[in-house]
Every structure is written in C-alpha cells, then in structure tokens.
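**Student:** Need coordinates for the below:
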Amino acid sequence: LDGAYASHPDLDTKRVLESLYQSAVYYAERLLKHHYFRVDPLASVFWRVYMGQPQRRYDGAGVHELAIDESGDIYPSKGLIGVSDYRVGSLSDGTIDESALVAFNDVGALTTPPCMRCWVRYLCGGGPVAVHHARTGSFRRPDETWCEAQRSWMAAAVSAFQALSSAGVHFERVYKTLGKKE
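**Tutor:** Presented below is the predicted three-dimensional model:
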C-alpha cells in the first residue's frame, strides 16, 4: 500500500479505500472460518490492537534503515531511492553524511504536529516518509487526504477487530502460523 502511494502520489485515496475494504471483507470472512494467514496492512493493525502496543514511528528511515541503489548511492529509506536531495552517501567512495541523517531522528507520530492531534497516531505511527515526500514534497508533512484515508480504514479495522475477536478469531495464530520455517 505504501509503495503504491509513494510511486503514484496522485492515487485516488477513495478508490484505494474501496479496494482495501473489499480485501478486508474477504480477509475477515476467511479468518471467521479459521483460515489463518496474513494480509497486510490489515493483519498488522489487528496485531497492534490485540497486543495493545502503540506504534510511535512507522518506519526507520535514516535511523534503523538505509537503502542503496544500483549505483551504490545511499539513501535514508528504500522509498527515497533516486531522490537526489536525500542522497546521504556512496559505497563507491565510502562516505556517509551522518549530519543529513539527523533530520530523520525525530520522525513519527510523537513529533509530527498533525499526528500529535490525531486519534489514530498510535496505529499509524506517523506514516511512511516516502509517501509524505511523494504526496507533499516533504517527508515531515503528511498529506491530509492520505491521513483521512488512514483514519477511515483504521477505524474500520478496529471495528472489524472487535467483531472478529468476539467471534473467536485467534490473532496469535495469524502470526504464529507464519514462523521462520514457512
């Protein structure tokens, strides 16, 4: 989902939501029949709600993640590969501009002003920097249309979680059935 938004910032969020709802209905029907598998981003949201673990930061861009393109250039995130303003180093000359990475230290739901006031901040985690950059030109500024879509589908996911949980769906099995062997 994030890759689609980052690659195609002009995506119609309402059409994406419709598709996500259709996928969610199918997924819920399968889970109700105890056919456990993961469909992300739905399963990830279910898991965070089930475990009660807030997500304060969506991605590790520049902090826990770096990406390298085919020419050896280094970027803070795979979603920012090829954006020259975010090039932070090169494998060919062995350099990395750590001062450029500092800008990514405080990205997330706890430090992004629109996120700090949003009820879904701990499910969303502030969103992916690549999507923000693609839709607004800044990795620090979320697009309100994208945020509204996030709030809408996450509200539906929380509601679906309640219904599925009440029906006896075991969310641990969704994750435990996908162990390191599979």
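**Student:** can you give me the mean pLDDT across stretch 69-81?
**Tutor:** Averaged across stretch 69-81, pLDDT comes to 95.
**Student:** same question, stretch 110-123
**Tutor:** On average, stretch 110-123 scores 93.
**Student:** what separates it from the chain centre, distance-wise?
**Tutor:** Per Cα atoms, centre = their mean, to the nearest Å, the displacement of stretch 110-123 from the mean C-alpha position of its chain is 14 Å.
**Student:** Ok, stretch 146-161 next?
**Tutor:** 13 Å.
**Student:** what ranges do the helices span in the chain?
**Tutor:** 2-7, 13-32, 42-51, 98-101, 113-116, 121-124, 129-136, 144-166, 171-176 (DSSP state H).
**Student:** Can you tell me which of these is nearest to G62?
**Tutor:** With Cβ to Cβ as the measure, helix 98-101 is the member of the helices of the chain nearest G62 (4.4 Å). Glycine gets a C-beta too; all of them are placed from N, C-alpha and C.
**Student:** Flag every buried residue along the closest one.
**Tutor:** Neighbour counts using 16 or more other Cβ atoms under 10 Å place A100, L101 of helix 98-101 among the buried residues.
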